[in-house]
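*Asks:* Give me a 3D structure for the following:
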Amino acid sequence: MSWVSKMGPFWCDRRTENEDDYFEYSNIDVTDHGLGECARKSIILQHVASFSFSGRYDVTPLQVKHGIPEDVKGTYDIDNLWTCKQLLDSCKTSLPEPTNWQEAIERLAKDFTSLVFSTSLLQQINTMPYNKTVYDRMRELCRVLEEYLASRDEQGNRTERTNCIVREFFQGDKAWFSDETAQDKRAFQSKLRFLDSRDGTKREYSFHGKIKTPQVRVYFEWPILPEQKDIQIVYFGPKITKK
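*Replies:* Just a heads-up that it's a prediction; the model follows:
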């Protein structure tokens with residue numbers, strides 16, 4: 001803690017030059033601290049944020065003034081984080097967007113750890129050119145599936161939150177997720193068999209999430225048993241049950 005509290009500031013690149021090099025936050029001189037460097041970078045339009053330990057700094061933004069109180073040359077609002085979750089979320093959103101399907105699937109696997117992504121997904125979706133709209137929609141479908149898992153109680157039973165998720169996303173004419181019709185299950189029986197990652201066998205999976213433009217489907221195992229802690233995604237690709 002001595003190193004953390006006394007040996008800062010912490011940044012890897014060279015200190016930003018500023019002719020009038022004096023900065024304050026809440027009447028405290030922060031010129032030689034992280035907030036001072038954040039303000040210097042803000043002046044030259046670089047994107048910055050600060051991380052603070054919980055306490056008097058657990059607010060955002062932190063308003064840093066440039067110059068002495070008698071001659072304030074500018075005020076800069078610094079985005080501030082103070083919890084590990086905020087820091088982790090910020091790191092994730094700051095990552096560059098995927099530019100191809102392989103990067104997209106790798107990102108999904110890292111971000112949604114309660115979902116098991118089949119090794120066949122890349123081959124399935126690679127029949128289509130990379131599409132950011134499809135990727136963004138796929139993220140939303142994965143988010144709902146993870147929320148479903150997380151909403152259950154310790155025994156894996158549904159809670160009121162789980163029931164709300166089911167009503168909102170699994171029921172109704174515009175549901176995000178649904179089962180294939182009995183007719184389509186018969187007509188496309190062989191095409192609805194996908195690899196089970198748990199034992200390597202092929203099984204029939206007919207429950208799916210929908211991406212409408214272009215027509216893409218995401219098949220996954222359903223229903224989920226109470227003792228089950230994850231959900232397999234077994235297919236991600238063009239719509240199979242086209243008439």
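*Asks:* can we go C-alpha only for contacts and neighbour counts from here?
*Replies:* OK.
*Asks:* does the spatially most distant residue from the centre of the chain sit in a helix or strand, and which one?
*Replies:* Distance from the C-alpha centroid of the chain peaks at residue 70, with 44.7 Å (CA atoms, centre = their mean). Counting by DSSP states H and E, there is no helix or strand that carries residue 70.
*Asks:* mind checking how far it is from residue 93?
*Replies:* 39 Å (CA to CA, to the nearest Å).
*Asks:* same deal with residue 207?
*Replies:* In terms of CA to CA, residue 207 sits 30 Å off from residue 93.
*Asks:* Residue 201 now?
*Replies:* Distance from residue 201 to residue 93, by CA to CA: 36 Å.
*Asks:* which stretches of this protein form strands?
*Replies:* 23-25, 28-29, 50-51, 62-66, 74-78, 80-81, 115-117, 177-178, 193-195, 202-204, 208-211, 216-220, 231-238 (DSSP state E).
*Asks:* Longest helix in this structure, please.
*Replies:* helix 132-151 (DSSP state H).
*Asks:* That one packs against which elements?
*Replies:* Under the contact criterion of 3 or more CA pairs under 8 Å, 6 or more residues apart in numbering; DSSP states H and E, helix 132-151 touches strand 115-117, helix 160-169, strand 208-211.
*Asks:* Try it again at 7 Å.
*Replies:* helix 160-169, strand 208-211 (3 or more CA pairs under 7 Å, 6 or more residues apart in numbering; DSSP states H and E).
*Asks:* Identify all contacting residues around the longest one.
*Replies:* Contacting residues not belonging to helix 160-169 are listed as 148, 151-152, 175-177 [CA atoms under 7 Å, 6 or more residues apart in numbering].
*Asks:* ok, now with 6 Å
*Replies:* Helix 160-169 has contacts (CA atoms under 6 Å, 6 or more residues apart in numbering) with 148, 151, 175-176.
*Asks:* Then the shortest one?
*Replies:* With CA under 6 Å, 6+ apart as the contact definition, strand 208-211 has outside contacts at 176-178, 217-219.
*Asks:* rewinding a little: for the longest helix of the chain, what does the pLDDT average out to?
*Replies:* Mean per-residue pLDDT for helix 132-151: 94.
*Asks:* Kind regards, and thank you for your time.
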